[in-house]
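Enquirer: Turn this into a structure:
(chains A and B)
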Amino acid sequence: MRDVVRDPAALERLRVQRSRLADRMRPPWWYPTGTAIVWAMVFAGPFSSRYLPQGDFWAIVAAAVAVASLLQWGLVRATGVKVCLRNRPARIAALVVIIAAIVTESLLIERGLLVAAIVVAAFGVVAEVVVQQAALREFREVMRGGGATA
Amino acid sequence: MTAKPDPLIHPITRLSICGLLAAGAEWVEFAALRDAAGISDSVLSKQSRVLEDAGYVQVRKGAVGRRPRTWFRLTAEGRHAVEDHLAWLAQLEEAVSARARDVLHAEPLRGDRDEPRRVPSH
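Expert: Model (predicted):
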């Protein structure tokens, strides 16, 4: 069997292979779409808690969790790679967007500014999808570089 | 050199498998690993078994419908060995390129610099 000392291109080949594996982590078209739907359900929370009966609100929460789990399962199946995104800045950014958007929406709904609340919710959805895509992109770059063993 | 080579990871195929598993993913599926490494099913099966027997790789078998699915991941011991081996390889690569640089920038031998090139007389 060949070994790396006799093949000087071995490390370069490993870099190419890692790059190939990272390319598999590119999410399919339905993933960002599904993610947007999940976030739309989350940001619909202030509306549903105000305008829908309590039971319907929890039904929406359960549906959002189910769709998110399904998306994660589908992504792992489609890419063949299971990852745990430990990107702290992305997590913090996602949390800040959730809190800021939901608080703003609630305030706007209380004052009867429904259109403005819908616009805030839409911005929230876009921001969350962008943050998630950025986290995945950064993970691919880390993978190309060799992760912890670069 | 401080890092040490690992004879088990030294062959190129096993280095590819371990290097890919160490790239940051938690679990990698058989087909994804095979395609990324550019090896055949049988080679991956054989080499992964060697790594599994050594305790470097953990294998999880499952099925989606009727299709069997095999997943791999590095164990803590395997990760440590790969990190060490890749560090050794990086040092080796650095040493080789440093030597190449030295040869390129080496001072010409005394007497060589201004000596006219000899043209063979016919």
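Enquirer: can you list contacts of stretch A:33-44?
Expert: For stretch A:33-44, contacts defined as C-beta atoms under 8 Å, 6 or more residues apart in numbering or on different chains pick out A:60-61, A:63-64, A:67-68, A:70-71, A:74, A:98, A:101-102, A:105, A:121, A:124-126, A:128-129, A:132. For every residue, glycine as well, the C-beta is placed using N, CA and C.
Enquirer: Do a quick rundown of the strands in chain B.
Expert: Taking DSSP state E, the strands of chain B run over residues B:27-29, B:57-64, B:67-74.
Enquirer: ugh, typo on my part, it should be chain A
Expert: Under DSSP E, chain A gives strands at A:81-82.
Enquirer: Find the least confident helix or strand in it, judged by mean pLDDT.
Expert: helix A:45-51 (a mean of 80; mean pLDDT, DSSP states H and E).
Enquirer: how about the CA coordinates for that one, as CSV?
Expert: In CSV, the C-alpha atoms belonging to helix A:45-51 read as follows (Å, rounded to 0.1, in the frame of the first residue of the first chain):
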residue,chain,number,x,y,z
GLY,A,45,-46.2,33.7,17.6
PRO,A,46,-47.1,37.2,18.8
PHE,A,47,-50.0,37.3,16.3
SER,A,48,-51.3,33.8,17.1
SER,A,49,-51.1,34.3,20.8
ARG,A,50,-53.2,37.4,20.5
TYR,A,51,-55.7,36.4,17.8
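Enquirer: in that helix, what's buried?
Expert: A:45-49 (16 or more other C-beta atoms under 10 Å in any protein chain shown).
Enquirer: which residues are contacting it?
Expert: Contacts for helix A:45-51 (C-beta under 8 Å, 6+ apart): A:56-57, A:60-61, A:102, A:105-106, A:109, A:117, A:121.
Enquirer: one step back: identify, from the buried residues of helix A:45-51, the entry nearest to B:Arg34.
Expert: A:Gly45 (43.5 Å; C-beta to C-beta).
Enquirer: Quick check: the gap between A:Arg111 and A:Pro28.
Expert: According to C-beta to C-beta, to the nearest Å, A:Arg111 stands 41 Å off from A:Pro28.
Enquirer: what does B:Ala37 give?
Expert: 23 Å.
Enquirer: So between these two, which is more surrounded?
Expert: Legend: neighbour count by other C-beta atoms under 10 Å in any protein chain shown for B:Ala37 and A:Pro28, higher for B:Ala37 (24 against 12).
Enquirer: Low-confidence stretches in chain B?
Expert: Along chain B, the parts satisfying pLDDT under 70 run over B:1-2, B:106-122.
Enquirer: for chain A, what are the nearby residues on it?
Expert: B:10-13, B:15-16, B:19-20, B:22-33, B:35-38, B:64, B:71, B:79, B:82-83, B:86, B:89-90, B:92-93, B:96 (C-beta under 8 Å from any C-beta of the partner chain).
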